[in-house]
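>>> next come a sequence and a model predicted from it.
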Amino acid sequence: MGACLNSIKAWADQIVVVDTGSTDNTVEVASYYGAQVEYFSWEDDFAAARNYSLQFAVGDWILVLDADEYIEGNLEMLSDLVAKDYEGYYLTIKSPLGIGVESEDHVVRFFRNGRGYTFRGAIHEQIASSIEEHKGKAAIGFSHIIVKHRGYVPEEILRKQKGNRNSRIIKKQLEKRQEDTFMLYSLGIELVQQAQYEEAYNAAMKALHYMTGEEGYFREVILLALMSSFKKGNYGEAEEELFVKALSMLPEDGDIAFLAGLRQALLGDYHQAGELFLKEGCNTVLVPAHLIHAILGELFFKQGLWSEASGYFKRSLEKMPSLYSVVRLIEIMNQGQTDVDKALADAMDGHFIKLAQEAVQEEDYYAAAVICLVAVAKDIQNFDQCDTLYQLLIKQASGMPVSGKEYLNILYQQIEICKAVLATDKKCLIVYGYLAKAVTKSLDMWLALWPEHNVKNIWECCL
């Protein structure tokens, strides 16, 4: 909570913290920041707790934050926002998911005080509908305020046992009204986080059955149904129909196109999968950009389209060092494609030692050796960083005949001699020629003996 209060202390005239039964140092932290602490007996209703807090606000405007949220940047724009005629503003809530991506939502959290606006919903409570009923949708504006939320990071969910609490609240609400589509959607989200994918899929499909398509979260329910259908497996006619309908209703939606492409990849239709990714799927926010490029690289790799595949693997590497993309680029080199070694060296840039060490940890000594050699071929100075490691790789490479290791050791000594000469005469073209030959012959040896790599399909990590 300290990060939350610290992010707003310079901008707030009053800070109110409502304690719903904490057992940690919440009250002490709140007091340290000069907050007014009030107490509320928790009754499995977030809206009730929110609304209880509103009575203590004395200013003209209210900003609402959870304890695991904080403002990113500053709030200098507040003076401009309060000068306008809006009754409230949407803030952007960014929630890191712990897998290199973050979800993004827009929620009304900054609004006028004393107008009778109240939160609604026992869970995932909202105040927007209350403002709209009083003043209409046009009364709510969009701000550039960004709130970072840590609540969906896996360790936070586990620490707070959010899943059990949230599911309990949602099920209570569904007992009162089983066709409550927002509660069904919320239940589906909780079930996914608990790895209950079949139940999550059923909850999402039940919500869609009752929905009109005009709901503000209609698209999110479709995405939930699509994603949980992957996780549960057992693809059938119902799942196929769901994908067809989703694409027809939202043909330009990047996330839906991505999931549809992912499904085609899993079914082995790499060409159709590639078309879906290239059309709209590249615009998805469900996975980081480096993973999208790696998936596209793999789709082209499966089709034997080496030039296209190497281009996407290179882009993936440039965005995020990955041994997966390195291994695939090496295998494309082994197909006789020219200049792939240069592309690999450029893409790895200063990360080649880290990638080589990662390969060693995976006991992939051949990949580690090729990584070192393409880096040295790009810049002889890189030899200083991988000298000792490369010697070790020659010794440890399994499946390497003794004659091969002896040959590689001779070439290694030649590289060392060339480097020593170049240290005193950097312009000696003859030595550069010998160096290039020694590195090239070493590469050829490693590639000639390159073992089969059983690489897991990159898209499986999205499941």
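That came through, no problem. Here the structure is a predicted model, which means the values were calculated and not measured.

>>> which SSE is immediately downstream of the host helix or strand of residue 133?
Counting by DSSP states H and E, the element that carries residue 133 is helix 128-135. Next in sequence after helix 128-135, counting helices and strands by DSSP H and E, comes strand 140-149.

>>> by contact count, what packs against that next one?
Judged by 3 or more CB pairs under 8 Å, 6 or more residues apart in numbering; DSSP states H and E, strand 140-149 is in contact with strand 69-72, strand 88-96, strand 102-112, helix 128-135. Where you see a C-beta, it was placed from the backbone N, CA and C, and this is true even at glycine.

>>> please repeat the previous calculation with a cut-off of 6 Å.
strand 69-72, strand 88-96 (3 or more CB pairs under 6 Å, 6 or more residues apart in numbering; DSSP states H and E).

>>> okay if I get these as a markdown table plus mean neighbour count?
Converted to a markdown table, these look like this (neighbours: other CB atoms under 10 Å):
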| stretch | mean neighbour count |
| --- | --- |
| strand 69-72 | 18 |
| strand 88-96 | 20 |
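
>>> pick out the shakiest of those strands, pLDDT-wise.
The minimum mean pLDDT among the helices and strands packed on strand 140-149 belongs to strand 88-96 (a mean of 90).

>>> show me what contacts residue 110?
Contact analysis of residue 110 by CB atoms under 6 Å, 6 or more residues apart in numbering lists 63, 89.

>>> before we move on, the earlier item: buried set for the helix holding residue 133?
Using 16 or more other CB atoms under 10 Å as the test for burial, helix 128-135 gives 128, 129, 130, 131, 132, 135.

>>> leaving out the residues flanking it, which one is nearest to the first one?
What sits nearest to residue 128 in space, not counting adjacent residues and going by CB to CB, 6 or more residues apart in numbering, is residue 108, at 4.4 Å.

>>> before we move on, what about the third one?
Residue nearest to residue 130 in three dimensions, not counting chain neighbours: residue 117, with 4.6 Å by CB to CB, 6+ apart.

>>> equivalent analysis for residue 224, please.
Residue 224 sits nearest to residue 204 (CB to CB, 6+ apart), 4.4 Å away.

>>> what packs against the helix or strand hosting residue 255?
Following DSSP H and E, one finds residue 255 within helix 254-266. The contact analysis (3+ CB pairs under 6 Å, 6+ apart) places helix 254-266 against helix 237-249, helix 270-279.

>>> can you rerun that using 8 Å?
Against helix 254-266 (3+ CB pairs under 8 Å, 6+ apart) you get helix 218-232, helix 237-249, helix 270-279, helix 289-302.

>>> just the CA atoms of the first one, as PDB, please.
Looking back up the chat, that one is helix 218-232. C-alpha atoms of helix 218-232 as PDB (Å, rounded to 0.1, in the frame of the first residue of the first chain):
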ATOM      1  CA  PHE A 218     -19.200  -8.600 -24.900                       C
ATOM      2  CA  ARG A 219     -15.900  -8.800 -26.700                       C
ATOM      3  CA  GLU A 220     -14.100  -9.800 -23.500                       C
ATOM      4  CA  VAL A 221     -16.500 -12.700 -22.900                       C
ATOM      5  CA  ILE A 222     -15.900 -13.900 -26.400                       C
ATOM      6  CA  LEU A 223     -12.100 -13.800 -25.800                       C
ATOM      7  CA  LEU A 224     -12.600 -15.700 -22.500                       C
ATOM      8  CA  ALA A 225     -14.600 -18.400 -24.300                       C
ATOM      9  CA  LEU A 226     -12.000 -18.700 -27.000                       C
ATOM     10  CA  MET A 227      -9.000 -18.800 -24.700                       C
ATOM     11  CA  SER A 228     -10.600 -21.300 -22.300                       C
ATOM     12  CA  SER A 229     -11.500 -23.500 -25.300                       C
ATOM     13  CA  PHE A 230      -7.800 -23.900 -26.000                       C
ATOM     14  CA  LYS A 231      -6.900 -24.700 -22.400                       C
ATOM     15  CA  LYS A 232      -9.500 -27.300 -22.000                       C
END
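
>>> need the residues that contact that helix.
181, 185, 188-189, 191-192, 195, 197-198, 200-201, 204-205, 207-208, 211, 215, 235, 239, 242-243, 246, 249-250, 253, 255-256, 259-260, 262-263, 266, 286, 462-463 (CB atoms under 8 Å, 6 or more residues apart in numbering).
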